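Peer 1: the sequence isn't on hand, but the structure is:
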């Protein structure tokens, strides 16, 4: 009997990848807190998750095509960039920067805790699978 990792692991492996990407975006916001005109961005986790679950059921995934040699996807994947949203600041700075460092750090910490939770769930799933394989 074959083990289906997709059904055994659930969404936690995808959640880890998305949480890691969000950590990059939030860290970039914090790193650019003093950059004039920098606009803080974030990922809407719920819409990505909803899109992943719905697209798998109803319609095929959209394939991206590089139509010109000047198009590059080295820095940021186009499908990922589409999910980034600009944040509306509560108190923007005079130089146009919209990063609010304390809020970004709180979001980063929240994201890290959620990453650790998904990692813990995955670890328990792998422990259970190892036990099943060993016959324990």
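Peer 2: Done, it's in. Given the structure is predicted, the values throughout are model-derived calculations rather than measurements.

Peer 1: just checking, next helix/strand downstream of the least confident helix or strand in the chain by mean pLDDT?
Peer 2: Ranked by mean pLDDT, DSSP states H and E, the weakest helix or strand in the chain is helix 78-81, scoring a mean of 52. Later in the chain than helix 78-81, the nearest helix or strand by DSSP states H and E is strand 84-86.

Peer 1: elements contacting that next one?
Peer 2: Judged by 3 or more C-beta pairs under 8 Å, 6 or more residues apart in numbering; DSSP states H and E, strand 84-86 is in contact with strand 41-43. All C-beta spots, glycine's among them, are computed from the backbone N, C-alpha and C.

Peer 1: can you pull the buried residues of the strand it packs on?
Peer 2: Of all the residues in strand 41-43, those buried under the rule 16 or more other C-beta atoms under 10 Å are 41, 42, 43.

Peer 1: got it, and stretch 19-39?
Peer 2: Applying 16+ other C-beta under 10 Å to stretch 19-39 flags 19, 21, 22, 23, 25, 26, 29, 32, 33, 38 as buried.

Peer 1: can you put those in a markdown table and add pLDDT and secondary structure?
Peer 2: Compiled in a markdown table, those are given as follows (pLDDT from 0 to 100; DSSP: H, G, I helix; E, B strand; the rest coil):
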| residue | pLDDT | secondary structure |
| --- | --- | --- |
| 19 | 90 | helix |
| 21 | 90 | helix |
| 22 | 91 | helix |
| 23 | 93 | helix |
| 25 | 93 | helix |
| 26 | 94 | helix |
| 29 | 94 | helix |
| 32 | 94 | coil |
| 33 | 93 | coil |
| 38 | 93 | coil |
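
Peer 1: among those residues, which one lies nearest to residue 116?
Peer 2: Distance to residue 116 across these (C-beta to C-beta) is lowest for residue 19, with 9.1 Å.

Peer 1: fine by me, we can end here.
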